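*Asks:* need coordinates for the below:
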Amino acid sequence: MQDFQRKPSLTAHLWLLYFIAVVIVGFIWYFQWILGLVMTVILAVSVYYSIQSERKLQNERQRYIETLSHRVKRVGEEALLEMPIGIILFNDEYMIEWANPYMNRFAEEDTLVGMSLNVLSDDLVSRIKEADDEVWLELQGYQFQVSIRKDERLLYLSDRTVQSEIETRYENEKTVIAIIYLDNYEEITQNMDDTLKSQLNSKVTSVLNSWSTDYGIYLKRTSQDRFIAVLTKETLNQLEKAKFDILDEVRELNAEQNIPITLSIGIGIGDNLLPDLGEMAQSSLDLALGRGGDQVAIKDGVGKVRFYGGRTNPMEKRTRVRARVISHALKELVRESDNVIIMGHKSPDMDSFGAAIGILNIAKANDVEGYIVFDPEDVNTGVYRFVDEMKKDEELWKHFIEPDESEALVTSRSLVVVVDTHKPSMVANEKLLNKTEYKVVIDHHRRAEDFIENPTLVYMEPYASSTAELVTELLEYQPQTLKLRMLEATALLSGIIVDTKSFTLRTGSRTFDAASYLRSKGADTVVVQRFMKEDLDTYVKRSKLIERAQIYRDSLAIAKGKPGEVYGSVLIAQAADTLLTMSGINASFVISERDDGRIGISARSLGDVNVQVIMEKMNGGGHLTNAATQIEDTTMDDAEALLKDLLDEYFTGGETE
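*Replies:* Sure, this is the predicted structure:
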């Protein structure tokens, strides 16, 4: 077409040459008329043939343009009607005005014309109204990418089924690394003879090999108590749907011999490199073990963690050797620090308070100044009475400082010791965690996803009754110069008594050993009972709350406070404890409004129901038998409905997080 457009300019040049030729012929006529006559004839013939050639060229050009226009129009019509791309025109009421034959294939009748766009997708109209430029929809098994031209009221639908299948296959075939660990293998095999140990190994290996074969998993045993598994994301999805029933298979493996061996699995998944996936799997396993074992922890590339299992009460498997090692390490950290700053969680209970006093004594035993971060405006009744008694002892009370004061005392070489919690958001003063490199965490709760960053030393034992019990064991291995006062020993014993409900829950042989040690140091149980006394109004208020309890799923008690009536966290916890003492009740949940506008839930169980994982799904946490949460922007009725849904899921489909 560009060549044709240049032709007129070439003809103009030719006529210019003819003009010049005429002038020259004129001069020839003037000097030699015979030669001029010949040249005139030649020029005339040349002009004649030029005119004929120009006409012929114009005719050919016209025919070419007409043919090309026809072909372009025909191709456009065929493309519009035959090409494998859907085209739809719609009106202002989002009714289909025209659709090409490709889209009419998906009509239940002969055509889509006259139908609403909702026949393609329920949310297509709303997405167009939201001014989206592109949406995806599924139509009769096909995946379409829809380009929206709202101003023209036009839709282009491109078939992306193959692309979607490739993307799905890519996602499904992503590599997943898992580390499988037999939680208590060493403990249960240390007194076995070779025959029993061989039988146990054979059973465990057989079950795991059968499980890996069923799901297409590569499994390799790397040590007596550890396996490594390589699988795909698709296989992981299948395992999650099955709620990792391998945990139950292994747990029930030796029920007849009363050998309760359990399994923990740490899994790493994401777009990371294989070494990173391995580290994520190990980190997940550490998290699962820190929560008590017998569960699966799955960590993805963005750090989000999901949990499965954890429904059994963890076995007590910590040893005095570990307590001695931790105590020695803590002693060295204390001696190398400028000072020791101790803090528990907000609204401290007796366990947090007693454990803090125990750590303060460790600091004093090693001749290092120690301080307890304490907010006098954030205490409950039992702790408040204890604080009043301690204020009478000036030597002891001078070590208590408020959160604002603690920031002035902390240095880069201070040792910050966190007791009875491991969540940064729950400590008495979170700012202190960023002001020093040396941090110690001592806790008896099962480890949650939210954890203090880069701790120097961690002593977490979910098998212990309380943090006070753990700290008491550490005290036993400190220098002999340590002299516990009666009030200090009583504070530690109070923490144990309160958390065990007077030695009825989560109580092991080590719990009684710790209590015996504290009694030998002068702890007074009568003083504990005096400080734990409550007034009559509180008792009546709690009784009215208990009166509103209802039984759910035969063995669960759920009590809900009156709308508009505020209850403290201690009172609803006490109500949950009381409900648990009722005949036939395996778990209790108390829901009430709080003075901060949130809805509080306190949960307790005898161990058959893991209330921690239920509360974690409601952004709370705690222990297997003792947990709680606070929910924002909701009502008690909605909180109760959510709780019941989670309980139904727990009992019917297993629990996950």
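
*Asks:* which parts of the stretch 251-400 of the chain are strands?
*Replies:* Assigned by DSSP state E, counting those that start in this stretch, the strands in the stretch 251-400 of the chain fall at 263-268, 295-299, 305-309, 340-343, 370-373, 400-401.

*Asks:* now the stretch 551-657 of the chain
*Replies:* For the stretch 551-657 of the chain, the strands defined by DSSP E, counting those that start in this stretch cover 556-560, 587-593, 599-605, 621-623, 626-631.

*Asks:* mind putting those in a markdown table, distance to Val125 and mean neighbour count included?
*Replies:* Placement of C-beta: from N, CA and C, glycine included. Output for those, formatted as a markdown table (distance: least, CB to CB, whole Å; neighbours: other CB atoms under 10 Å):
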| stretch | distance to Val125 | mean neighbour count |
| --- | --- | --- |
| strand 556-560 | 41 | 22 |
| strand 587-593 | 40 | 26 |
| strand 599-605 | 37 | 28 |
| strand 621-623 | 43 | 23 |
| strand 626-631 | 35 | 21 |
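
*Asks:* out of those strands, flag the one nearest Lys541.
*Replies:* Nearest of the strands of the stretch 551-657 of the chain to Lys541, taken as CB to CB: strand 587-593 at 10.6 Å.

*Asks:* name the surrounding residues that touch that closest one.
*Replies:* Strand 587-593 is contacted by residues 545, 549, 555-561, 563-567, 572-573, 575-577, 579-580, 599-606, 608-609, 611, 636, 639-640, 643 when judged by CB atoms under 8 Å, 6 or more residues apart in numbering.

*Asks:* start to end distance for stretch 609-629?
*Replies:* Counting by CA to CA, to the nearest Å, you get 16 Å between the two ends of stretch 609-629.

*Asks:* now swap in stretch 336-350 and tell me
*Replies:* End-to-end distance for stretch 336-350, by CA to CA: 29 Å.

*Asks:* what distance separates it from the centre of its chain?
*Replies:* Distance, stretch centre to chain centre, for stretch 336-350: 29 Å (CA atoms, centre = their mean, to the nearest Å).

*Asks:* what residues sit buried inside that stretch?
*Replies:* 337-350 (16 or more other CB atoms under 10 Å).

*Asks:* by pLDDT, give me the weakest of these.
*Replies:* Ranked by pLDDT, the buried residues of stretch 336-350 bottom out at Ser347, which has 82.

*Asks:* measure it to Tyr552 for me?
*Replies:* Plainly put, Ser347 is 28 Å away from Tyr552 if you go by CB to CB, to the nearest Å.

*Asks:* and what of Thr578?
*Replies:* In terms of CB to CB, Thr578 sits 17 Å off from Tyr552.

*Asks:* what does Thr538 give?
*Replies:* 26 Å.

*Asks:* ditto for Val471
*Replies:* In this view, Val471 and Tyr552 are 38 Å apart by CB to CB.

*Asks:* the more surrounded of the two?
*Replies:* Legend: neighbour count by other CB atoms under 10 Å for Val471 and Tyr552, higher for Val471 (30 against 16).

*Asks:* let me know the helix or strand that that one is in.
*Replies:* Using DSSP states H and E, Val471 sits within helix 467-475.

*Asks:* likewise for Ala491?
*Replies:* Per DSSP H and E: helix 486-499 holds Ala491.

*Asks:* buried stuff in that helix?
*Replies:* Judged by neighbour count using 16+ other CB under 10 Å, the buried positions of helix 486-499 are 487-499.

*Asks:* what does the domain assignment say about the protein?
*Replies:* Domain ranges of the chain: 2-82, 85-165, 175-309, 320-531, 536-653, per automatic domain parsing.

*Asks:* worst average pLDDT in those?
*Replies:* domain 2-82 - the lowest mean pLDDT of the domains of the chain, at a mean of 68.

*Asks:* now do the SS call for Gln145.
*Replies:* Assigned with DSSP: H, G, I helix; E, B strand; the rest coil, Gln145 falls in the strand class.

*Asks:* for it, give me its contacts.
*Replies:* Listed by CB under 8 Å, 6+ apart, the contact partners of Gln145 are Glu134, Trp136, Leu157, Ser158, Arg160.

*Asks:* re the thing from before, contacts for the helix holding Val471?
*Replies:* Contact partners of helix 467-475, identified using CB under 8 Å, 6+ apart, comprise 320, 323, 326-327, 330, 350-352, 354-355, 358-359, 361-362, 419-420, 442-444, 459, 461, 464, 482, 484, 492-496, 499, 510-511, 514, 517-518.

*Asks:* of those residues, buried ones?
*Replies:* By 16+ other CB under 10 Å, these give 323, 326-327, 330, 350-352, 354-355, 358-359, 361-362, 419-420, 442-444, 459, 461, 464, 484, 492-496, 499, 510-511, 514, 517-518 as buried.

*Asks:* neighbours of Gly211, how many?
*Replies:* Just so we're on the same page, residue 211 is Trp rather than Gly. Other residues within reach of Trp211, judged by other CB under 10 Å, total 20.

*Asks:* ugh, typo on my part, it should be Val458
*Replies:* For Val458, the count of nearby residues is 18 (other CB under 10 Å).

*Asks:* helix, strand or coil for Leu137?
*Replies:* Classified using three-state DSSP, Leu137 is strand.

*Asks:* grab the nearest non-local neighbour of it.
*Replies:* Counting by CB to CB, 6 or more residues apart in numbering, Ser121 is the residue found nearest to Leu137 once chain neighbours are left out, at 4.2 Å.

*Asks:* the one you found is in what secondary structure piece?
*Replies:* Following DSSP H and E, there is no helix or strand that holds Ser121.

*Asks:* quick one: contacts for it?
*Replies:* Val135, Leu137, Glu138, Leu139.

*Asks:* most widely separated two among these?
*Replies:* Using CB to CB, the contacts of Ser121 reach their maximum pairwise distance at Val135 and Leu139, which is 12.0 Å.

*Asks:* I'd like to know how many residues surround Leu571.
*Replies:* Other residues lying near Leu571 total 23 when counted by other CB under 10 Å.

*Asks:* what distance do you get for it to Val590?
*Replies:* 9 Å.

*Asks:* identify the contacts common to the two.
*Replies:* Common neighbours of Leu571 and Val590, counting by CB under 8 Å, 6+ apart, are Leu545.

*Asks:* find the nearest non-adjacent residue to Lys560, please.
*Replies:* Counting by CB to CB, 6+ apart, Ile591 is the residue found nearest to Lys560 once chain neighbours are left out, at 4.6 Å.
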